[in-house]
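Undergrad: Return a 3D structure for these sequence lines:
(one chain, ligands or ions: 1)
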Amino acid sequence: MARVTRPDRQDRTDPMKEEILAHLRYSLGKDAEHAALYDWRMALSLSLRDRMVDSWYQSTKASYTGHKKRVYYLSMEFLIGRLIEDVAANIGLTDEARAAVTELGQDYDILVHDEPDAALGNGGLGRLAACFMDSLATLGIPAMGYGIRYEHGLFEQDFVEGQQIEKPETWLAQRHAWEFERPEVSYKIGFGGHVQHHEGKAKWHPHETVLATAFDTPVVGWQGRWGNTLRLWSARPQKEFDLASFNRGDYLAASRSEALARTICRVLYPDDTTESGKELRLKQEYFFTAASIHDLLRRFFIDHDDIRALPDAAAIQLNDTHPAIAGPELVRILVDIHGLEMAEAIELARRCLGYTNHTLLPEALERWPEWLLGRVLPRHLEIIRSIEDSQQSHHPDSPRILDHGNVNMGELAFIMAHKVNGVSALHTDLVKSTVFADLHRIHPNRIVNQTNGITPRRWLYECNPALSKLITREIGDAWPADLDQLSRLRDRSGDHGFLQEFMAAKRVNKERLSNWVQEHCGIAIDPDAMFDVQIKRIHEYKRQLMNILETIAFWNEIHANPNGNWTPRVKIFGGKAAPGYHVAKQIIRLINDVAGVLNNDPVTKDLLKIVYPPNYNVTMAEMLIPAADLSEQISTAGKEASGTGNMKFALNGALTIGTLDGANVEIRDHVGPENFFLFGLTAAEVTERRSHHGYARAAIEQSPRMQKVLAQIAEGRFSPEEPSRYHDLVGNLWDHDHFLVSCDFDTYFDMQRRADEAFTQTSSWAAMALNNTAGVGWFSSDRTIRGYARDIWNVGSAIDGELEQSA
Ligand SMILES: *Cc1c(COP(=O)(O)O)cnc(C)c1O
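TA: Residues are numbered from 1 along each chain as shown. Sure, this is the predicted structure:
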């Protein structure tokens, strides 16, 4: 396939410049004299989008004519971030775009930063979907991502007196430059109503209907060799239905579909675990899943007439249980519309479906009350009963989908999938031994592991130009598409000159961050200090609380010996709490309260600073991660399914302080245990410890250091205007401490001091940092996607003849 880059036109008029001016004039209706920042940014984005279209179009055509099996990735969330730099990098136009914009008298960086950060997701799960889209395109695997075009993405976070407040996010207030609206691609999606049974046939008569309309964003992979589509569904009222009701005088029914259409794509649920029991959420799930199934079937029937060939043409991957209704929906269409027998339909659907499990937290496993599901999707509830009957007839000891008046979406997804995967080696083991232990016994070959990955394009090449240039100089420019090549840098860990250059790149990023922090938070930080970063959703299991307690303990230690030989630190936090998650919000407030005291302490302020910029998102991650020395991955063992933030940090040369949880285990194996600060109970030890009554109190009583910290908080040392503010938080640590902060606190503190010591040995630290970058090539999402393609989807690449389609 032809490359998109056109490098050899320097002497003639600059085409990129001409294209930007043309878009300014003909797409934005402005001339250069009157164009605002928005106009320039849109003109640049549209010019870049133009350069994607040919490759995208050719890829789509090749998928059709080559009859390639396609992957359909169904995800309730896509945490995409900004696209200008991403697109420019992937199609090799970064320099050309910057030059064109500069010649037009505009500041390229200001244009780039004007783009809203598309936040159609909460955290790791949505970001994984975005990384997978990049890798699918880079590997040339024909694929489509399906999701929802939320009008409001994840809320914007602000702090008022240290407390999180939520503001609506408005990424669509301005036109989204990258998408193509497809009004002709639309499907009727029904809700409610009743089912009519006649002569052994069922017909669902929905009570209300909305139209799902497609918006397509091209996703072009590395070097523009292949392009896939991210198709996001938007809801519109269904006009004909409205009119009919209206003419009958049923004004309420006429406006109902309009009201539903308006709400269904309005907001992203702002919870990184599942908000179950909410009817609108169930409707969102069915809305996008049903539209996607209709769409892929329409595509299938363009060149097939026997539905039985569907598994050879379509691999449908469910990112968590949110689209698990895909199983019953597909069965419904096969039985009610195509006339298949129930048993055959279930088997056929299963051969198409794969399910990715993302969590073991019981509160995050989706369950719908049977009455609610039956009211919104009456035919689907009947089909779920048939699926249950079929499963029970083959396996009378099988766990139930329908249980105590609930529909267990995890069991449904498992039973309807031919493969179920966990997202790290440890997580997959725990999936087998805990949540799905019984189903695993019945279906011992169904669960497989696919350890998560991250795209090295966004998470090294684009976000860390200083390090990227150095790496390219050393090992050539093939690494962004073949990240294992980073292992060649291992030889350099004894090369003093190279290590200095490696740390000079880190220094550039730390200075950039220091300036940003000064400007945006008004806090002066020293780029020579260790930058210690914990950025992720605020959750008790992720233990930001343990981090801030340790910070206070360190502060106490400095006070006890102000002339000691302390290693200066900057503790950086970032992350949002779900709006209804009270404890998480208390933790945020505590961090900000502690920051207020410590940052103004004349004794310690040159040794210890706390920075917590509000509104953590993809863009902020791209700035913080390259500047980090130490990566905090300190979740209670057994609770973090994988983590992907951990991978981004290691790739950018930060050392991890972490527990044996999620992918930390595999990261440590890859970078070498000597390059990783390990502490804490193992998953097995956590389970064991929990069985001891009063384990938290016992642990705190053994730790004078922790006692002192808890006493300070409880006395109001950090909230003098309201001393009782954290009574519940502290009381809970003594009495419950479900996430074992108390049990890991001392070993965590000790390991932090080991990190202090190691940081002062600058050349051995540099070698350890380099071994992290050199060791984590395996965590490219390209490797993850190859694994899914081989073990779950049975699909090949359509470029390079890399893999021929298997029959
Ligand atoms: C990578 C990423 C995450 C996931 O971070 P974890 O540390 O794995 O929880 C969440 N949010 C954003 C913006 C990210 O880029």
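Undergrad: Show the average pLDDT along stretch 494-502.
TA: In this model, stretch 494-502 carries a mean pLDDT of 97.
Undergrad: helix/strand/coil for the nearest residue to M76 once chain neighbours are set aside?
TA: Nearest residue to M76 in three dimensions, chain neighbours excluded: H322, at 3.9 Å (C-beta to C-beta, 6 or more residues apart in numbering). Placement of C-beta: from N, CA and C, glycine included. In three-state terms, and counting by DSSP: H, G, I helix; E, B strand; the rest coil, H322 is coil.
Undergrad: next one: N547
TA: helix.
Undergrad: can you check the one 3 residues further on too?
TA: The local conformation at E550, judged by three-state DSSP, is helix.
Undergrad: And A798, by the same measure?
TA: Per three-state DSSP, A798 ends up coil.
Undergrad: Name the nearest residue to it, sequence neighbours excluded.
TA: For A798, the spatially nearest residue (C-beta to C-beta, 6+ apart) is G140, at 4.8 Å.
Undergrad: and if you look at A36?
TA: K30 is the one closest to A36 (C-beta to C-beta, 6+ apart), at 7.7 Å.
Undergrad: Distance-wise, check the residue nearest to M76 relative to A417.
TA: To A417, H322 is 14 Å away according to C-beta to C-beta, to the nearest Å.
Undergrad: and the closest residue to the ligand within the stretch 151-300 of the chain, what does it touch?
TA: For the stretch 151-300 of the chain and the ligand, the shortest gap (C-beta to the nearest ligand atom) falls at D272, measuring 8.3 Å. Neighbour list for D272: N122, G123, G124, L125, R537, H539, A578 [criterion: C-beta atoms under 8 Å, 6 or more residues apart in numbering].
Undergrad: Where does it sit: helix, strand or coil?
TA: D272 - assigned by three-state DSSP - is coil.
Undergrad: pLDDT value on it, please?
TA: On the pLDDT scale, D272 is placed at 72.
Undergrad: Show the average pLDDT along the lengthiest helix in the chain.
TA: Assignment by DSSP state H gives helix 37-65 as the longest helix of the chain. For helix 37-65, the mean per-residue pLDDT is 94.
Undergrad: Pull the distance from it to the chain's centre.
TA: 24 Å (C-alpha atoms, centre = their mean, to the nearest Å).
Undergrad: Now do that helix: which elements does it pack against?
TA: Packing contacts for helix 37-65, counted by 3 or more C-beta pairs under 8 Å, 6 or more residues apart in numbering; DSSP states H and E, involve helix 15-26, helix 84-90, helix 94-103, helix 108-114, strand 208-220, strand 227-237.
Undergrad: Quick check: closest non-adjacent residue to L486.
TA: Counting by C-beta to C-beta, 6+ apart, the residue nearest L486 is G777, at 4.2 Å.
Undergrad: isn't the one you found right next to A481, touching?
TA: No - using C-beta atoms under 8 Å, G777 makes no contact with A481, being 11.4 Å away.
Undergrad: where do the contact lists of the two overlap?
TA: By C-beta under 8 Å, 6+ apart, no residue touches both G777 and A481.
Undergrad: All set, thanks.
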